[in-house]
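> task: produce atomic coordinates for the following.
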Amino acid sequence: MPYTREEGGRLNNFAAEPKMYIAEPPTDNEKRNYIIMGMGALVLVSSVMAIAFSIS
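Numbers count the residues shown, from 1 in each chain. This is a model prediction of the structure:
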C-alpha cells in the first residue's frame, strides 16, 4: 500500500487506484436493447402520468 509519513510520524494511506481500461462502443445488439428499454420507460412514465391525471 502506498503511504507517506508526516513530520509527526503519522501515516497518510492512499487508496489503491483501479486498473484503467478503454470503453468500447456498444454493439448493434446493445443499441437495439437500449432503444427497447427507452421505449418501455417512455410507456411506463406516460401511463403513470395518465393515471395521475385521470385520478386528479
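
> got the end-to-end distance for stretch 12-31?
45 Å (CA to CA, to the nearest Å).

> helix or strand next in line after the worst-scoring helix or strand of the chain on mean pLDDT, which one?
Every helix and strand in the chain was compared by mean pLDDT, DSSP states H and E; the lowest is strand 3-5, with a mean of 69. Using DSSP states H and E, the next helix or strand after strand 3-5 towards the C-terminus is strand 11-13.

> could you list the paired strands of that following strand along with their orientation?
In the sheet, strand 11-13 lines up against strand 3-5 (antiparallel) (DSSP bridges).

> contact partners for Ala23?
With contact set as CB atoms under 8 Å, 6 or more residues apart in numbering, Ala23 has no partners. From N, CA and C alone the C-beta is placed, and that goes for glycine too.

> sec struct for it, please.
Assigned by DSSP: H, G, I helix; E, B strand; the rest coil, the conformation of Ala23 is coil.

> and the pLDDT at it?
Looking at Ala23, its pLDDT reads 94.

> state the distance from it to Ser54.
43 Å (CB to CB, to the nearest Å).

> okay, which residue is most central for this structure?
In the chain, the centroid-proximal residue (CA atoms, centre = their mean) is Ala23; its distance is 13.6 Å.
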